[in-house]
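Q: Sequence first, then the predicted structure, then my questions.
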Amino acid sequence: MEKLLLIVEVHQLKKQGFKVAAIARKLEISRNTVYKYLDMTFDEATWMVSLCRRQKKQDP
């Protein structure tokens, strides 16, 4: 869930007029990650986050 919030925040900061380098510094992530998140739609972001939460054999 934290990653989804981060992606939404990147989009909000870009709409507010922040440059990619400023967003990267503010959120302490790389510029390449900012570009990757800006290319994603909300549906793609939720799909990507759901992949990280797959059930494991050892999960109760």
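A: That came in fine, so what should we check first? Residues are numbered from 1 along each chain as shown.

Q: so where's the longest helix in this structure?
A: Using DSSP state H to define each element, the chain has its longest helix at helix 2-15.

Q: who does that helix touch, helix- and strand-wise?
A: helix 20-27, helix 31-39, helix 42-52 (3 or more C-beta pairs under 8 Å, 6 or more residues apart in numbering; DSSP states H and E). The C-beta positions use only the backbone N, C-alpha and C, and glycine is treated the same way.

Q: show me the contacts for the residue positioned nearest the centre of the chain.
A: Nearest to the mean C-alpha position of the chain, by C-alpha atoms, centre = their mean, lies Ile7 at 2.8 Å. Contacts for Ile7 (C-beta atoms under 8 Å, 6 or more residues apart in numbering) come out as 37, 40, 45.

Q: with those in mind, which one is nearest to Lys19?
A: Closest approach to Lys19 among these (C-beta to C-beta): Tyr37, at 14.4 Å.

Q: ok, and for the lowest-mean-pLDDT helix or strand in the chain, which residues are buried?
A: Least confident helix or strand, the chain: helix 42-52 with a mean of 80, by mean pLDDT, DSSP states H and E. For helix 42-52, a neighbour-count test (16 or more other C-beta atoms under 10 Å) marks 45, 49 as buried.

Q: same check, this time on stretch 16-34
A: 18, 23-24, 27, 34.

Q: again with stretch 2-9
A: For stretch 2-9, the neighbour count (16+ other C-beta under 10 Å) marks 6-7 as buried.

Q: Against Ala45, how distant is Leu38?
A: Going from Leu38 to Ala45 by C-beta to C-beta, to the nearest Å gives 11 Å.

Q: for the contacts of Ile7, which one is nearest Lys56?
A: Looking across the contacts of Ile7 and measuring by C-beta to C-beta, the closest to Lys56 is Ala45, at 22.4 Å.

Q: so who does that closest one touch?
A: Taking C-beta under 8 Å, 6+ apart, one finds 3-4, 7-8, 37 in contact with Ala45.

Q: same thing but at 10 Å, please
A: For Ala45, the contacting residues are 3-8, 10-11, 37, by C-beta atoms under 10 Å, 6 or more residues apart in numbering.
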